[in-house]
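> pasted the sequence and its predicted model underneath.
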Amino acid sequence: MDRIYFDNAATTPLDKEVLDAMLPYMTTHFGNPSSIYSYGRESRLAIETARKTVAKLLNAHPGEIFFTSGGTESNNTAILSAIRDLGCRHIITSPIEHHAVLHTVEHYDNADEVTSSFVKLTPDGHIDLADLEEQLSSHEERCLVTLMHANNEIGNLLPIKAVGTLCNKYNAIFHSDCVQTVGHYPIDLRKIPVHFISGAGHKFHGPKGVGILYINDNVKIKPFIFGGGQERNMRAGTENLYGIVGFAKALELAMAHYEKDSRYIQSLKAYMIEQLRLHVKGVQFNGDQEGKCLYTVLSAAFPKTEKSEMILFNLDMNNICVSGGSACSSGADVGSHVIRAINNNPQLVTVRFSFSKHNTAEEVDAVVKKLTELI
């Protein structure tokens, strides 16, 4: 059986067109973007063209787009800057954020630089906006609100404009981890009141090791990494030239084909929900799967039995790639903090299926068939 890859929320395969755009910068156009000769100027031009492309697609100014090594660095930079440069003394986040946010907030809280609190969640895993407003209004000191646009495990979507509007009302800084939505939805940063957003190339068929941090023009911060004048003095270090070129190309392709691809992937997800309900007795779905949810992610919970406890291992043995909770901590099975926060039922075993434009209905059939055998 060929490998079936249903773990696209962890990472995606690189598009051939993206690789083709990157290759010249790995081979002939290898000049250092900081060099003054024409070789370096070509590289510098490629980076600035990529920046303009990304800015245009997100409806931001090129000066608001900074290239980083990925979502984790972008999240760290935004959170540190809010504390160090923007005077935030309290952080409001949620118990279901990615660890790149949770561990960063915990670090600064433990160092007594800030206090932090979690916003309440509704039973289906959405942010309780009334509780967020209550927390914002009760703090005298300036707050940072850091809430992800779409959850990487259950797919729930944040009402990002509503959260941004609340933050504006209480003069709070708003950062949104958009790693699962940049490249998957049209994002218009002129219409969303947000100070920082993070994105990562490898979530939408771009290269690994490159991401963006959007920093709103009205926000003035100091660098996170010191040493050189790169990224307009904001991030020292020789730029990841071919990664940056690849990021822009991948975003361009993703947005050009958004309508067609998102419709197709959404139909695959709906088909899998239907097939699981038909064939697997007692299946449940985590989060708001058929409501305000990522079209790429399906979090299913199966009744716990001796057989289903080994389900991830057995699917792997059958060449089916899925994840249990979040991919970023799959090495040590401590279970998922997200599932614990919304559906702490020890009698259920969670599997996350995440799809891309390369998946097919035949693959869904094969996986559902295999699941019925294994459960």
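Received the coordinates, thanks.

> could you list the domains of this protein?
4-12+258-374, 16-256 (automatic domain parsing).

> just name the most buried of those domains.
domain 16-256 (a mean of 20; mean count of other C-beta atoms under 10 Å). Any C-beta I mention is one placed from the backbone N, CA and C, and that applies to glycine too.

> got the domains of the chain as CSV, with mean pLDDT columns?
Written out in CSV, the entries for those read as follows (pLDDT from 0 to 100):
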stretch, mean pLDDT
domain 4-12+258-374, 91
domain 16-256, 97
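
> quick one: the helices in this structure?
Taking DSSP state H, the helices of the chain run over residues 16-26, 38-58, 71-84, 99-110, 129-138, 160-169, 230-233, 241-256, 258-279, 311-317, 337-342, 361-374.

> which other helices and strands contact the last one?
The one in question is helix 361-374. Contact analysis of helix 361-374 by 3 or more C-beta pairs under 8 Å, 6 or more residues apart in numbering; DSSP states H and E lists strand 4-5, helix 258-279, helix 311-317, strand 320-321 as its packing neighbours.

> what pairs with the first one, parallel or antiparallel?
Read it as strand 4-5. Its sheet considered, strand 4-5 pairs with strand 320-321 (parallel) by DSSP bridges.

> what does the partner strand rub up against?
Arg3, Ile4, Tyr5, Phe6, Asp7, Leu315, Ala366, Val367, Lys370 (C-beta atoms under 8 Å, 6 or more residues apart in numbering).

> if we can go back for a sec, could you dump the helices of the chain to a markdown table with distance to Ser323?
As requested, the helices of the chain are exported to a markdown table (distance: least, C-beta to C-beta, whole Å):
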| stretch | distance to Ser323 |
| --- | --- |
| helix 16-26 | 24 |
| helix 38-58 | 28 |
| helix 71-84 | 17 |
| helix 99-110 | 14 |
| helix 129-138 | 29 |
| helix 160-169 | 25 |
| helix 230-233 | 32 |
| helix 241-256 | 22 |
| helix 258-279 | 15 |
| helix 311-317 | 8 |
| helix 337-342 | 12 |
| helix 361-374 | 13 |
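
> of these, which approaches Leu147 most closely?
Closest to Leu147 of the helices of the chain is helix 160-169 (C-beta to C-beta; 6.0 Å).

> need the contact partners of that closest one.
Helix 160-169 has contacts (C-beta under 8 Å, 6+ apart) with 127, 129, 132-133, 136, 143, 145, 147, 149, 172-174, 176, 191-194.

> gap between the nearest residue to Phe174 once chain neighbours are set aside and Val105?
Counting by C-beta to C-beta, 6 or more residues apart in numbering, Cys167 is the residue found nearest to Phe174 once chain neighbours are left out, at 3.9 Å. Here the criterion is C-beta to C-beta, to the nearest Å. By it, Cys167 lies 16 Å from Val105.

> same check on Val163?
Val163 is 16 Å from Val105, where distance means C-beta to C-beta.

> likewise Arg41?
Counting by C-beta to C-beta, the gap between Arg41 and Val105 amounts to 41 Å.

> what does Gly199 give?
Here the criterion is C-beta to C-beta. By it, Gly199 lies 20 Å from Val105.

> do Ser81 as well
With distances taken as C-beta to C-beta, Ser81 is found 13 Å from Val105.

> one more: His358?
Applying C-beta to C-beta, one obtains 35 Å for the distance of His358 from Val105.

> how about Asp288?
Look at Asp288 and Val105: by C-beta to C-beta, they are 24 Å apart.

> same check, this time on Glu140
In this structure, Glu140 and Val105 are separated by 20 Å, where distance is defined by C-beta to C-beta.

> what of Ala361?
Taking C-beta to C-beta as the measure, Ala361 falls 41 Å from Val105.

> before we move on, what about Glu309?
Separation of Glu309 from Val105 (C-beta to C-beta): 32 Å.

> ok, Tyr271 next?
Distance of Tyr271 to Val105, computed by C-beta to C-beta: 38 Å.

> run through who's touching stretch 121-131.
If you take C-beta under 8 Å, 6+ apart as the criterion, stretch 121-131 is touched by 94-96, 119-120, 147, 151, 154, 156, 158-159, 162-163, 166, 286-288, 291-292, 338, 341-343.

> do that again at 6 Å, thanks
For stretch 121-131, the surrounding residues in contact (C-beta atoms under 6 Å, 6 or more residues apart in numbering) are Val119, Lys120, Ile154, Asn156, Gly287, Asp288, Ile342.

> so the first one touches Ile96, yeah?
No - under the criterion of C-beta atoms under 6 Å, Val119 lies out of contact with Ile96, with a separation of 10.0 Å.

> so who does Phe196 touch?
By C-beta under 6 Å, 6+ apart, the residues touching Phe196 are Ala78, His175, Ile215.

> now Gly282
Residues near Gly282 by C-beta under 6 Å, 6+ apart: Pro303.

> that older thread, so which of the contacts of stretch 121-131 comes closest to Leu57?
Looking across the contacts of stretch 121-131 and measuring by C-beta to C-beta, the closest to Leu57 is Asn156, at 24.2 Å.
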